[in-house]
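Novice: Here is my input, please return the structure:
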Amino acid sequence: MTDEWALLRKLASRENIGFEPARLPTRKWQTLASGIRLSYLDWPDNGPVALFLHGGALTAHTFDLVCLEIGDGYHCVALELRGHGDSDWAEDSSIGTLVDDIAAFADTQDWSRFHLVGMSLGGGVAGHFAATNPGRLRTLAFIDVGPTVNFESTAPMRQFFDQVRSGQSVEQLVDSAIASSRSADRDKIQYRFQRNLKTTPAGVAWKMDRRRPADFEHILGKLSELAGLAQTISCPVLIVKGGGSAVLTEENADAFARAFPNGRLQVIADASHRQTGTCLVTRRSIANTSRRRQRELRRRYRRLAACLFDWDGWRPNVGTEDLAYMVAMHWYPDRRQHVEAPLLDAFHDELLMRGVKGYDRRALRD
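Specialist: Just a heads-up that it's a prediction; the model follows:
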């Protein structure tokens with residue numbers, strides 16, 4: 001492992017996320033039939049595919065911590081939209097064209113169905129992809145974005161991007177960001193800037209196409225269309241709102257979640273707009289199946305004489321004298337329901353992911 005990943009190792013350790021060099025991603029490129037060449041990070045695993053789309057002015061590294069956390073159960077792919085990161089620049093970067101890029105990219109990978117997670121601008125692209133490609137997605141997650149956003153709240157962030165001057169170093173930009181935010185985390189900002197900036201003869205510059213102003217009117221218009229498209233998206237949908245973000249109010253986020261046949265809202269306390277994309281709730285956004293929990297239990301109880309479940313061999317009516325039977329039959333109902341709640345959440349997610357319809361989560365309480 002080179003120093004390229006040293007800071008990510010430090011951040012992962014702080015978040016209690018396992019860090020193994022063998023699980024780090026490979027930078028790859030794919031040229032589409034349109035001629036555009038897209039860059040992406042391919043995280044090694046043979047599980048179900050989860051495709052991540054970053055926000056405006058960001059790169060595929062937005063989701064590095066998330067992919068480390070869930071990478072032993074999902075094949076994570078973080079794509080860089082045209083005009084961002086190491087992907088090609090192009091004259092046309094409209095939402096419709098970005099959606100076409102996603103469809104073409106998925107076709108080159110031979111993916112039949114996959115999980116899709118989009119943050120901010122990437123969420124707008126993800127929503128329009130889901131609406132125009134029915135049946136392609138297992139689940140869909142919107143990260144701090146919806147039909148109604150407070151665009152003015154992003155003004156300081158946009159101004160900061162515009163203030164990068166020739167001759168500045170990454171360290172100087174980090175200092176500026178720290179000075180403008182009392183709650184800023186230096187290590188996270190340092191890592192973000194290392195990944196989102198490139199070195200030029202004149203100094204550093206953002207890794208994005210800034211030859212012309214962003215067409216925010218077009219982007220906001222396409223976001224507003226998501227309200228009407230929600231009913232056409234049948235896969236399980238998660239709306240993630242940063243509790244400390246002013247971009248999306250909880251009221252608007254809740255209304256957006258309710259617009260989907262299978263939608264729900266998750267609020268991440270104290271997370272800002274940019275922090276929300278790296279929060280580990282994304283694990284739930286791709287339908288947190290019980291497989292990862294099964295692996296955790298196997299590791300935890302490997303050295304003990306007895307396990308709560310034999311996940312590989314268990315089926316209904318097996319093991320009627322084990323701990324599970326005791327929990328079900330002898331615990332007080334309120335205590336049992338408290339322990340069962342996260343398991344039932346995962347079970348319900350699995351039902352929705354497998355296409356079961358008309359089965360409300362509340363029915364599991366009956």
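
Novice: ok so residue 77 is a helix residue?
Specialist: No. Counting by DSSP: H, G, I helix; E, B strand; the rest coil, residue 77 is not part of a helix but strand.

Novice: any idea how far it is from residue 8?
Specialist: 18 Å (Cβ to Cβ, to the nearest Å). Placement of C-beta: from N, CA and C, glycine included.

Novice: and what of residue 125?
Specialist: When residue 125 is compared with residue 8 (using Cβ to Cβ), they lie 25 Å apart.

Novice: Which one of those two is surrounded by more residues?
Specialist: A direct count of neighbours by other Cβ atoms under 10 Å for residue 125 and residue 8 places residue 125 higher, at 25 against 21.

Novice: Dump the C-alpha coordinates for the one helix or strand that one maps to into PDB.
Specialist: Element membership of residue 125, judged by DSSP states H and E, is helix 121-132. Taking Å, rounded to 0.1, in the frame of the first residue of the first chain, the C-alpha atoms of helix 121-132 are listed here in PDB:
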ATOM      1  CA  LEU A 121     -26.500  16.000  -8.400                       C
ATOM      2  CA  GLY A 122     -25.900  12.200  -8.600                       C
ATOM      3  CA  GLY A 123     -29.300  11.700  -6.900                       C
ATOM      4  CA  GLY A 124     -31.100  13.700  -9.600                       C
ATOM      5  CA  VAL A 125     -29.400  11.500 -12.200                       C
ATOM      6  CA  ALA A 126     -30.200   8.300 -10.300                       C
ATOM      7  CA  GLY A 127     -33.900   9.300 -10.000                       C
ATOM      8  CA  HIS A 128     -34.300  10.000 -13.700                       C
ATOM      9  CA  PHE A 129     -32.500   6.700 -14.500                       C
ATOM     10  CA  ALA A 130     -34.900   4.800 -12.300                       C
ATOM     11  CA  ALA A 131     -37.900   6.400 -14.000                       C
ATOM     12  CA  THR A 132     -36.700   5.700 -17.500                       C
END
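
Novice: Check the offset of that helix from the chain's centre.
Specialist: Relative to its parent chain, helix 121-132 has a centroid offset of 13 Å by Cα atoms, centre = their mean, to the nearest Å.

Novice: And for stretch 140-150?
Specialist: Centre to centre, stretch against its chain (Cα atoms, centre = their mean), the figure for stretch 140-150 is 12 Å.

Novice: circling back to that earlier point, if we go by neighbour counts, what in the helix holding residue 125 is buried?
Specialist: For helix 121-132, a neighbour-count test (16 or more other Cβ atoms under 10 Å) marks 121-131 as buried.

Novice: could I get those as JSON lines with distance to residue 50?
Specialist: Output for those, formatted as JSON lines (distance: Cβ to Cβ, whole Å):
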{"residue": "121", "distance to residue 50": "18"}
{"residue": "122", "distance to residue 50": "13"}
{"residue": "123", "distance to residue 50": "15"}
{"residue": "124", "distance to residue 50": "18"}
{"residue": "125", "distance to residue 50": "15"}
{"residue": "126", "distance to residue 50": "12"}
{"residue": "127", "distance to residue 50": "16"}
{"residue": "128", "distance to residue 50": "19"}
{"residue": "129", "distance to residue 50": "14"}
{"residue": "130", "distance to residue 50": "14"}
{"residue": "131", "distance to residue 50": "19"}
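
Novice: Among those residues, which one lies nearest to residue 100?
Specialist: Closest approach between the buried residues of helix 121-132 and residue 100, by Cβ to Cβ: residue 129, at 9.2 Å.

Novice: Identify the residues contacting that closest one.
Specialist: 99, 102-103, 116, 136-137 (Cβ atoms under 8 Å, 6 or more residues apart in numbering).

Novice: Residue 60 and residue 196: what is the separation?
Specialist: 10 Å.

Novice: For these two, work out which one has more neighbours and name it.
Specialist: Legend: neighbour count by other Cβ under 10 Å for residue 60 and residue 196, higher for residue 60 (27 against 22).

Novice: State the phi and psi torsions of residue 264.
Specialist: phi -150, psi 160 (degrees, to the nearest 10).

Novice: The nearest residue in space to it that is not next to it in sequence: how many residues sit nearby?
Specialist: Among residues not flanking residue 264 along the chain, residue 257 sits closest, at 5.4 Å (Cβ to Cβ, 6 or more residues apart in numbering). Per other Cβ under 10 Å, the neighbour tally for residue 257 reads 21.
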